[in-house]
Structure formats: C-alpha cells, structure tokens
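S.K.: what would the 3D arrangement of this be:
(chains A and B)
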Amino acid sequence: MLNYNQALPKNTLIQDLQMKEIKPIMKLIIRGKKREFISAVGKSLNILLPTEANTSAQSDKLTAVWLSPDEWMIYSNEPVDENTNNYKTEELLNNYISKLNLGAVTDVTDQFVMINLKGNKIYELFQTGSPFNFDDFQNKKGAVTQTILNKIDIIVHNQDKNAVNLFVRRSFSQHLFSWMNDAASRL
Amino acid sequence: MFVINCPFCGEREQSEFKAGGEAHIVRPKQPTELSDDEWAEYLFMRKNIKGVQFERWNHAHGCRKWFNMVRDTSNDEIKAVYKMGEKPPIE
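M.R.: From the prediction side, this is the model:
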C-alpha cells in the first residue's frame, strides 16, 4: 500500500502566500522515445503529451508535464480515493505502454509531494532560493520547469496566475516547506 | 558562475549542471589487446588544457540529459553547445 500520509505539518498563510499540501494526488512518470509511444499515450488517456520543452498539457482529469525529451509526469487534477492504490490511468498505461514495450511507467505517487502555492509573492519567494529566472515563466500559463530551490530539486508547474503546483521528493518536503515558511516570513 | 544553454531546456544557471569531463574519448574496440599503459592512457589521461576544450556536461537538476560543450577554460566563454552524437559545430 502506498503512503498517503500527510507529509507536511499544516497549511500556512504567510504574507498573502498560501502554501498547502494536496493529497493524495496520483503521479506517474512515463518514459518513451518512439512515436508510437506518444500516440499510444494520447489514445489511452485522451491527452496529447507536450513535446515542446518546459510546457504542459491538461485534460479534464489529468495534467501531463514535460520533464525531458523522453520523460513526462502525469498527475491527477483532483485527489484520488484514499482507500485504493489502483489507478485506472496506470492500468491503461500498463496495458498500452508497458506490455507492448513502448516505454516505461513508474508510479511516483508517494515519492513526490505536491505543494500548492497561491498568492502574489510566489515568485519573490522562489527568487530567494532558486537560480532559475522566473520572469518569463510567471506570465506563461502551463509552463513547467525543473530547477533547484534551497538546493533541493523541484518541479514547478505554473497552473494559473499567482497559483503554482510544486513537486518535491517526500524526504525533502518537510525541510523545504519549513524553509519556504521561513523565507516567506522575511519577504 | 555562468549561464549554460541546455540544448533541451534552454538557458539555465551553471549550478543546475554537472561537468562530466573531456568529450569525444573513444573507448578502444578491443580492450583486452591493449597494454596496461595504453589502457591507462584511455582511462585516466586527459588533456586539461587552458583554452578551447570539448567537454561533456549533464543537466543534473533539470532534464538530466547529457550534452557536449565547447568551452574556453581560460575565461569560461562557451563557444558552442550540441547534443550527444552530433558533430562539433566548430573544429
């Protein structure tokens, strides 16, 4: 059974910046290089994988974010049922991708923690601990980047204006969250 | 500190990357036929020149892809960046 435990202590609101863990969100990493792979994912999930760097695609239920030329993360837009680890999305991908040797599907639901940030000081916060230039990123809805925040690897998805989803490895999440709270209090 | 243009992600700061040493070192086709000196030459000896050098880099904190870079080690000027398997754009 996957770990659906709360990774972070509590939701916080500091200086108009709201930070909270959203759980449980299904997260899958898919890898593949063939053209058939991309079309098989498109057909099985009804979502076209973004091939342009640093972008994402969204359907009613799922979001696909570009991680590298042959790697994407797919996550559910809404929390999933806490009583099961069986996801229809994963089952479909296993049938249409893994079993046909078109690519690899890895369940990273309990590996990554998703933190939702809302407020107009998100990028001011990021600027205090990240080498990435968020100037263009913040005006581009759906933009995605993998970078470092306080020396911790993160994935950031620009969901909407002043709203982002941040993915961090579970083992780093408490430290990052505590750092973000501290940094936000000093903005 | 300098900015590197990752061929996959675009411009990123150097701290997101890891240097992977000299590029275009070809592994001998028959290692068992080499003398110890020849094997050591392949395994350990690097030019490490002051000037224009061909290097491998990895975007470790981004797309995690390897690529090649032509860099002037004396002033960190990046002359070119190109993907693995591609020919160097400059000699």
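S.K.: CA only for contacts and neighbour counts going forward, please
M.R.: Noted.
S.K.: C-alpha coordinates for the helix or strand where A:Ile148 lies, CSV please?
M.R.: Per DSSP states H and E, A:Ile148 falls inside strand A:144-149. Extracted in CSV, the C-alpha atoms of strand A:144-149 (Å, rounded to 0.1, in the frame of the first residue of the first chain):
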residue,chain,number,x,y,z
VAL,A,144,6.9,23.9,-16.3
THR,A,145,10.4,23.9,-15.0
GLN,A,146,12.7,21.6,-13.1
THR,A,147,15.2,23.5,-11.0
ILE,A,148,16.6,23.9,-7.5
LEU,A,149,15.0,25.7,-4.6
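S.K.: list the strands paired with the next helix or strand after that strand, with their directions.
M.R.: Heading C-terminal from strand A:144-149, the first helix or strand you meet, by DSSP H and E, is strand A:152-160. Pairing partners of strand A:152-160, with direction, according to DSSP bridges: strand A:144-149 (antiparallel), strand A:163-169 (antiparallel).
S.K.: other residues contacting strand A:152-160?
M.R.: With contact meaning Cα atoms under 8 Å, 6 or more residues apart in numbering or on different chains, strand A:152-160 is reached by A:65, A:137-138, A:140-148, A:164-169, A:172, A:176, B:61.
S.K.: chain B contacts on chain A?
M.R.: A:53-54, A:67-69, A:131-133, A:145-148, A:153 (Cα under 8 Å from any Cα of the partner chain).
S.K.: now tabulate these in JSON lines and tack on pLDDT and neighbour count.
M.R.: Converted to JSON lines, the residues of chain A next to chain B look like this (pLDDT from 0 to 100; neighbours: other Cα atoms under 10 Å in any protein chain shown):
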{"residue": "A:Ala53", "pLDDT": "96", "neighbour count": "19"}
{"residue": "A:Asn54", "pLDDT": "97", "neighbour count": "23"}
{"residue": "A:Leu67", "pLDDT": "97", "neighbour count": "27"}
{"residue": "A:Ser68", "pLDDT": "97", "neighbour count": "20"}
{"residue": "A:Pro69", "pLDDT": "95", "neighbour count": "18"}
{"residue": "A:Pro131", "pLDDT": "96", "neighbour count": "18"}
{"residue": "A:Phe132", "pLDDT": "96", "neighbour count": "19"}
{"residue": "A:Asn133", "pLDDT": "95", "neighbour count": "14"}
{"residue": "A:Thr145", "pLDDT": "97", "neighbour count": "24"}
{"residue": "A:Gln146", "pLDDT": "97", "neighbour count": "24"}
{"residue": "A:Thr147", "pLDDT": "97", "neighbour count": "23"}
{"residue": "A:Ile148", "pLDDT": "97", "neighbour count": "20"}
{"residue": "A:Asp153", "pLDDT": "97", "neighbour count": "20"}
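S.K.: now for the residues you listed: which two are most distant?
M.R.: A:Pro69 and A:Pro131 (22.1 Å; Cα to Cα).
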